[in-house]
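Student: my questions are about this predicted structure, shown below with the sequence.
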Amino acid sequence: MNGRSHVYPASRAALLDNRVRRLVHPPQKILGDFIRPGDVVLDIGSGSGFFTRAMARMVGGTGKVIAVDLQEAMLQKVQETAQEEGLLPRIRLHRARTDTLDCSRRECADFALAFYVVHEVPDAGRLLREIAALLVPGGSLLVVEPKGEVPAAEFERMVESAHSAGFRTVKRPKVLFSRAVVLQKVETG
């Protein structure tokens, strides 16, 4: 998958978090099977925090969500809405660089979400290797990409890149208007 290097602008963040989107992409339905209380989870390309806040509710008071985004303006929106909802103590904001997630490997995550993100990065293989390095052995990654922007063949190339990065395919869930795959980090040793 050869990313387009197009980043969704923070000026349009309101389109990412609204009532219609909650009906089309309900966070609890999409993520409920993957996140448990106490988990550490990554929201790669968190945007304005649509999934971040839902995941913060799912991990509970003992868990943590690391919201990762390139844009400081998006992370500010996550901070503002999470503060309003009393979820900020469960969320750590992290600004990535254009060439790397630049996340600390001290905290290994149980689950990672990359929702409508992989097609936006210039090197999907590198992104997937970085995510694999941040997950515990057996940890899961849910990748969801928009059907309208990512053709089936391109999505399958991304899945092959994920396999090369140390993942195996677990299942292909149905997500409206999307292509999706659940990947699990292969346990080594």
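Tutor: Sure thing, it's come through.
Student: so where's this protein uncertain?
Tutor: Counting by pLDDT under 70, the chain contains low-confidence residues at 1-6, 9-15, 104-107, 189.
Student: 50 instead?
Tutor: 1-4 (pLDDT under 50).
Student: the strands in it, which residues?
Tutor: Using DSSP state E, the strands of the chain run over residues 40-44, 64-69, 91-95, 109-115, 135-146, 167-171, 178-185.
Student: quick one: closest of those strands to residue 102.
Tutor: strand 91-95 (7.8 Å; C-beta to C-beta). For every residue, glycine as well, the C-beta is placed using N, CA and C.
Student: sorry, back to before: could you dump the strands of the chain to JSON lines with distance to residue 79 and mean neighbour count?
Tutor: Converted to JSON lines, these look like this (distance: least, C-beta to C-beta, whole Å; neighbours: other C-beta atoms under 10 Å):
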{"stretch": "strand 40-44", "distance to residue 79": "13", "mean neighbour count": "26"}
{"stretch": "strand 64-69", "distance to residue 79": "9", "mean neighbour count": "26"}
{"stretch": "strand 91-95", "distance to residue 79": "6", "mean neighbour count": "18"}
{"stretch": "strand 109-115", "distance to residue 79": "19", "mean neighbour count": "24"}
{"stretch": "strand 135-146", "distance to residue 79": "24", "mean neighbour count": "20"}
{"stretch": "strand 167-171", "distance to residue 79": "31", "mean neighbour count": "15"}
{"stretch": "strand 178-185", "distance to residue 79": "27", "mean neighbour count": "20"}
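Student: now those in a markdown table, with distance to residue 52?
Tutor: Formatted as a markdown table, these follow (distance: least, C-beta to C-beta, whole Å):
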| stretch | distance to residue 52 |
| --- | --- |
| strand 40-44 | 5 |
| strand 64-69 | 4 |
| strand 91-95 | 6 |
| strand 109-115 | 9 |
| strand 135-146 | 14 |
| strand 167-171 | 22 |
| strand 178-185 | 18 |
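Student: and residue 155, which of those is closest to it?
Tutor: Between the strands of the chain, strand 178-185 lies closest to residue 155; by C-beta to C-beta that is 4.5 Å.
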